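1. Below: sequence and its predicted model.
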Amino acid sequence: MISFSIIAAFIGDNGYINVTDKRPVNLDMLTIKLPLPALASITHRASGVFIFIGFAILIWMLEASLASEASFNGLKQYITSPLSKIVIWAVLAGFIYHTVAGVKHLINDMGIGETLEGGVLGTQIAMALSAVLIVLAGYWIW
């Protein structure tokens, strides 16, 4: 049930609903120039979906390593292949970025860096820190 106060907010002084809104409408997402914090927010959500799927692979690997000695030895051979190292590194990269961007969002929720300039600076720091940690994770895996 819609409250009357919500309906009253859309009704003009003359008693009719105001439909002459002159705001520009741009629905072509390829032409919209998003600020850096908005892009970071979108990629933070995308990395969350990516690690949700990637963790299924890691959980499968954990299950295979614990099932039997034969499956453990088979998994050990699989993990040494370059393709599996790339998969593991990609999942870790998504996790690292998601964690660092999540901490940045928590800092923003505390009221720090809420301006556009502060958001851009915080995003640049988060992306730089993520890049360094992702490179270190790649070095650790190889």
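-> Structure's in. What do you need? Keep in mind that this is a model prediction, so the values were computed, not measured.
2. Low-confidence ranges, the chain, go.
-> Residues of the chain meeting the criterion pLDDT under 70: 1-21, 24, 26.
3. all helices of it, in order?
-> 4-10, 36-67, 69-79, 82-109, 116-141 (DSSP state H).
4. Report all helices and strands that the second one contacts.
-> Going back to what we said before, that points to helix 36-67. Counting contacts by 3 or more Cβ pairs under 8 Å, 6 or more residues apart in numbering; DSSP states H and E, helix 36-67 packs against helix 69-79, helix 82-109, helix 116-141. Placement of C-beta: from N, CA and C, glycine included.
5. of all those helices, which lies closest to residue 56?
-> Residue 56 lies closest, by Cβ to Cβ, to one member of the helices and strands packed on helix 36-67: helix 82-109, at 9.6 Å.
6. quick revisit: any idea which of the helices of the chain is most buried?
-> Comparing these by mean neighbour count (mean count of other Cβ atoms under 10 Å), helix 82-109 ranks first with a mean of 17.
7. what packs against it?
-> Looks like helix 82-109 contacts helix 36-67, helix 69-79, helix 116-141 (3+ Cβ pairs under 8 Å, 6+ apart).
8. Tell me how far residue 52 lies from residue 85.
-> From residue 52 across to residue 85, the span is 21 Å (Cβ to Cβ, to the nearest Å).
9. show me the contacts for the most centrally placed residue in the chain.
-> Centroid-nearest residue in the chain, with Cα atoms, centre = their mean: residue 44, separated by 1.5 Å. In this structure, residue 44 makes contact with 97, 98, 101, 102, 105, judged by Cβ atoms under 8 Å, 6 or more residues apart in numbering.
10. isn't residue 35 right up against residue 120?
-> Yes. Counting by Cβ atoms under 8 Å, residue 35 does reach residue 120; the two are 6.9 Å apart.
11. if I pick the nearest residue to residue 95 once chain neighbours are set aside, what's in contact with it?
-> Leaving aside its sequence neighbours, residue 95 sits nearest to residue 51 (Cβ to Cβ, 6 or more residues apart in numbering; 5.0 Å). When contacts are counted by Cβ under 8 Å, 6+ apart, residue 51 touches 91, 94, 95, 98.
12. With that, I have no additional questions.
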